[in-house]
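# I would like to see how this sequence folds:
(2 chains)
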Amino acid sequence: DAKTTQPTSMDCAEGRAANLPCNHSTISGNEYVYWYRQIHSQGPQYIIHGLKNNETNEMASLIITEDRKSSTLILPHATLRDTAVYYCIPQGAQKLVFGQGTRLTINP
Amino acid sequence: DAGVIQSPRHEVTEMGQEVTLRCKPISGHNSLFWYRQTMMRGLELLIYFNNNVPIDDSGMPEDRFSAKMPNASFSTLKIQPSEPRDSAVYFCASSLARGTGTTDTQYFGPGTRLTVL
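Residues are numbered from 1 along each chain as shown, chains lettered A, B, ... in the order given. Predicted coordinates:
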């Protein structure tokens, strides 16, 4: 399994874009980059995933570098409800291996 | 869709007692996963099933833990006997597996918070 490095914590002002980086320099060619988040006392929630191309859905955008060694999750207009722990997970098979993630706090 | 359903949501028991956690996956999903979350170790995969068959149980901590999936709509995780170090939040997740070697989005339940005194 590829190793990931994420900031332990980040802060963002409400209404601003939150940019969460992830380093996955050992990712293999068949591994997707998945992002999940966990709001306090809830189960993890899927956000978005991608292989090579940038992706966008109703929740977020995912920017993957051309060499695939890092990615950035973008929450375009963060709200207080986006306060959570965000996990970046390279996944090439069914198993999800969670790291420590980034604790994102959205401030009013 | 009701999502993944877990019961009970909270369980408090005494050391040595048997504990059974239950999970109902999303209808139509054919893969089911059991995770455990603690402050010290984070989120860990315990075991997962495809089409009711256990595929990987390498994360099960010891013989006191067992998991079954008698049908596509129900799974149990049993701890016997329970110990204080088993105190954690246990999550169940399900997905629609498209085939060997594929990645599939997992949908998590709300978890069961277990406290063993």
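# tell me the contacts of the closest residue to chain A within chain B?
Residue nearest to chain A within chain B: residue B:108 (3.2 Å; CB to the nearest CB). For glycine as for every other residue, the C-beta is placed from the backbone atoms N, C-alpha and C. When contacts are counted by CB atoms under 8 Å, 6 or more residues apart in numbering or on different chains, residue B:108 touches A:43, A:44, A:45, B:4, B:35, B:91, B:92, B:93.
# State the number of residues packed around the nearest residue to residue A:98 once chain neighbours are set aside.
Spatial nearest neighbour of residue A:98, excluding adjacent residues (CB to CB, 6 or more residues apart in numbering or on different chains): residue B:43 at 3.9 Å. With neighbours defined by other CB atoms under 10 Å in any protein chain shown, the count for residue B:43 comes to 24.
# Is residue B:43 located within a strand, as I assumed?
Yes - according to DSSP: H, G, I helix; E, B strand; the rest coil, the state of residue B:43 is that of a strand.
# Would you tell me which residues of chain A are close to chain B?
Within chain A, the residues that sit near chain B (CB under 8 Å from any CB of the partner chain) are A:30, A:32, A:34, A:38, A:42-46, A:49, A:91-100.
# quick one: which of the residues you listed sit in strands?
A:32, A:34, A:38, A:45, A:46, A:49, A:91 (DSSP state E).
# pLDDT at the last one, what is it?
Looking at residue A:91, its pLDDT stands at 86.
# Now do the same contact list for it.
With contact taken as CB under 8 Å, 6+ apart, residue A:91 is in contact with A:31, A:32, A:33, A:34, A:49, A:97, B:103.
# Buried ones in stretch A:9-29, by neighbour count?
The neighbour-count check on stretch A:9-29 (16 or more other CB atoms under 10 Å in any protein chain shown) flags A:10, A:12, A:18, A:20, A:22, A:23, A:24, A:27 as buried.
# List the ones among these that fall in strands.
Among the buried residues of stretch A:9-29, the residues falling in strands (DSSP E) are A:10, A:12, A:18, A:20, A:22, A:23.
# For chain B, list the residues in contact with chain A, please.
Selection of chain B residues close to chain A by CB under 8 Å from any CB yields B:4, B:31, B:33, B:42-45, B:48, B:50, B:55-56, B:91, B:93, B:95, B:97, B:101-111.
# re the thing from before, which one of the ones in strands among the buried residues of stretch A:9-29 is nearest residue B:75?
For these, the residue nearest residue B:75 by CB to CB is residue A:22; the value is 31.2 Å.
# residues in contact with the closest residue to the closest one other than its chain neighbours?
Nearest-residue entry for residue A:22: residue A:88, 3.4 Å, with adjacent residues in sequence omitted and distances by CB to CB, 6+ apart. Shown in contact with residue A:88 (CB under 8 Å, 6+ apart): A:4, A:6, A:20, A:22, A:24, A:33-35, A:71, A:73, A:99, A:101-102.
# for residue A:88, helix, strand, or coil?
Classified using three-state DSSP, residue A:88 is strand.
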